[in-house]
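> 3D, please:
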Amino acid sequence: MKIAINVPLVGKEEISAVTSILRKGALTSAASQGGKHVQIFEKSVASFVKSKYAVAVNSGTAALQAALYALDIKPRDEVLVPSFTFVATANAVVSTGAKPIFVDILKDNFTIDPDDIEKKITKKTRAIIPVHLYGNVANIERLSEISKKNNLPIIEDSAQSLGSTYKRKHTGTFFEMGCCSMYPAKVMTSGEGGFIITNNKKLRDKLLMIRNHGMVHGYDTKIFGLNLRLPEINAAIATVQMKKLSGFLKIRKNNAQLLSKSINDLEIKLPQQRKNENVNWYLYTIITKKRNLLLKKLNEKGIGAASYYPIPVHKTPYYKDKTKLPVTDWAAEHVISLPIHPKVTKKNIEFIAKTLHEVL
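Below you'll find the model as predicted:
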């Protein structure tokens, strides 16, 4: 039995959409508003998360880059980011010439620690990027207070949290911009792709230029930009996936509840939703003192459990940052994520639970 940690669910509808575009030959568009399918997809995203605008780009990393460019982040600026995240969060900052300042996380849900943010704000600080890790929602109230008090814009890294809400409001819509990913392992996919959510028309107009070499009408570059465009094929796949997203999320929630019920007697800490929070269950992450042993045994049984992230960004060879982040270091040694994606069956859940009981 092989149970992957996350797999894309692509069906005949996606294949049909791609085939249709290939037959027509309009594979991409350099128009300022994007191609036909890009525009349709953007409207579907805005409708789903209840934002005014969505701007599609070719990856979640590109979404972060475009958002930083839109805020005019420059060399020698500082941007506060968690280290307990995928490296793209910090790399996007470095790509602007700015410096990522690493911040610790909260122990209860692995999101950025507001107290540590306040300690690390300097005259050079220009923005904050909280990550809604595993689909968990960062502390919105505290982040809002800090943002207003220090006049600092916030870019939500919502790469893992599409569909997660707090007080019925979607992640990515609380502050200036939210950045999502459509990598194959996410809750929905376009192959490669991402998008930025915003309610600010000026930012939206800048993002449209940034993803298209800073142009509006062609050869009239007005601001710095790159080719961050989402191809029509990927947009068509994403549009089909958006129609299926609510169903995907429902299955993930059901699987998470079933797994929690099956293993709540074990000496591990199960994932918990905070008050007013509704997570998308992108990753079902437990805490255990026997992480390495458990990971080895689960993988031997064909269960694609994984550790996100055993090496925090600040400790990677590229960054070699000596900042002390005790909760980050603790989390990196104790977390395991278990498969609960829509292809995971009740029988799979029972097998995962049985294996956990055998090992623990």
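
> give me every residue that touches the closest residue to Thr288 other than its chain neighbours.
Setting aside the residues directly before and after it, Thr288 is nearest to Ile268 in space (CB to CB, 6 or more residues apart in numbering), at 4.6 Å. To be clear about C-beta, it is placed using only N, CA and C from the backbone, and glycine gets the same treatment. Going by CB atoms under 8 Å, 6 or more residues apart in numbering, Ile268 touches 286-288, 356, 360.

> got the buried residues for stretch 308-315?
308-309, 312-315 (16 or more other CB atoms under 10 Å).

> mind putting those residues into a markdown table with secondary structure, pLDDT and distance to Thr125?
Output for these, formatted as a markdown table (DSSP: H, G, I helix; E, B strand; the rest coil; pLDDT from 0 to 100; distance: CB to CB, whole Å):
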| residue | secondary structure | pLDDT | distance to Thr125 |
| --- | --- | --- | --- |
| Tyr308 | coil | 98 | 27 |
| Tyr309 | coil | 97 | 24 |
| Pro312 | coil | 98 | 21 |
| Val313 | helix | 98 | 18 |
| His314 | helix | 98 | 17 |
| Lys315 | helix | 98 | 22 |
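
> which of those sit farthest apart?
Greatest spatial distance among those (CB to CB): Tyr308 and His314, at 15.6 Å.

> just the helices from this protein, written as ranges.
With helices called from DSSP state H, the chain shows them at 12-24, 36-49, 60-70, 88-95, 114-120, 140-150, 201-210, 232-263, 291-300, 326-334, 346-359.

> distance of the most centrally placed residue in the chain relative to Lys301?
Centroid check for the chain by CA atoms, centre = their mean gives Ala159 as the closest residue, at 1.3 Å. Applying CB to CB, to the nearest Å, the value for Ala159 to Lys301 is 29 Å.

> thinking again about what came up before, need the winner for burial among the helices of the chain.
Mean neighbour count, computed with mean count of other CB atoms under 10 Å, is highest for helix 60-70 among these, reaching a mean of 27.

> now that helix: average pLDDT?
Taken as a whole, helix 60-70 has an average pLDDT of 98.

> quick one: low-confidence ranges for this protein?
Under the criterion pLDDT under 70, no range of the chain is flagged.

> could I get the contacting residues of the nearest residue in space to Ala70 that is not next to it in sequence?
Using CB to CB, 6+ apart and skipping the chain neighbours, the partner closest in space to Ala70 is Lys206 (4.6 Å). Neighbouring residues of Lys206 by CB under 8 Å, 6+ apart: 69-70, 223.

> next one: Gly60
Gly60 neighbours (CB under 8 Å, 6+ apart): 88, 159, 179-183, 194.

> ok, and the closest non-adjacent residue to it?
Using CB to CB, 6+ apart, the nearest residue to Gly60 is Ser181, at 2.7 Å.

> beta partners of the one you found?
Residues in a beta bridge with Ser181, per DSSP bridges, are Gly194.

> settle this for me: it is touching Ile196, isn't it.
No - the criterion here is CB atoms under 8 Å, and Ser181 misses it with Ile196 at 11.1 Å.

> between those two, which is the more surrounded one?
Ile196 (35 against 29; other CB atoms under 10 Å).

> follow-up on the earlier one: the residue nearest to Gly60 and Ala92, how far apart?
Ser181 sits 12 Å away from Ala92, going by CB to CB.

> now do Asn292
According to CB to CB, Asn292 stands 31 Å off from Ala92.

> and Met188, by the same measure?
21 Å.

> give me the contacts around stretch 303-315.
Outside stretch 303-315, the residues that touch it by CB under 8 Å, 6+ apart are 1-5, 81, 83-87, 89-90, 100, 102, 134, 283, 285, 291, 294-295, 298-299, 319, 321, 323, 325, 328-329, 332-333, 335-339, 351-352, 355.

> one more time with 7 Å
Residues outside stretch 303-315 that contact it (CB atoms under 7 Å, 6 or more residues apart in numbering) are 3-5, 83-87, 90, 102, 283, 291, 295, 298-299, 319, 321, 323, 325, 328-329, 332, 335-339, 352, 355.

> Gly191 and Ala235 touch, don't they?
No - Gly191 is beyond contact range of Ala235, at 10.3 Å (criterion: CB atoms under 7 Å).

> torsion angles phi and psi at the closest residue in space to Gly178 that isn't next to it in sequence?
In this structure, Gly178 finds its nearest non-sequential neighbour in Gly172, 2.2 Å apart by CB to CB, 6+ apart. Per-residue torsions, Gly172: phi 90, psi -10 (degrees, to the nearest 10).

> what is the neighbour count of Gly172?
If you count neighbours by other CB under 10 Å, Gly172 ends up with 28.

> doesn't Glu156 make contact with it?
Yes - between Gly172 and Glu156 there is a contact under CB under 7 Å: 5.1 Å.

> which neighbours do these two have in common?
Joint contacts of Gly172 and Glu156 (CB under 7 Å, 6+ apart) are Gly178.
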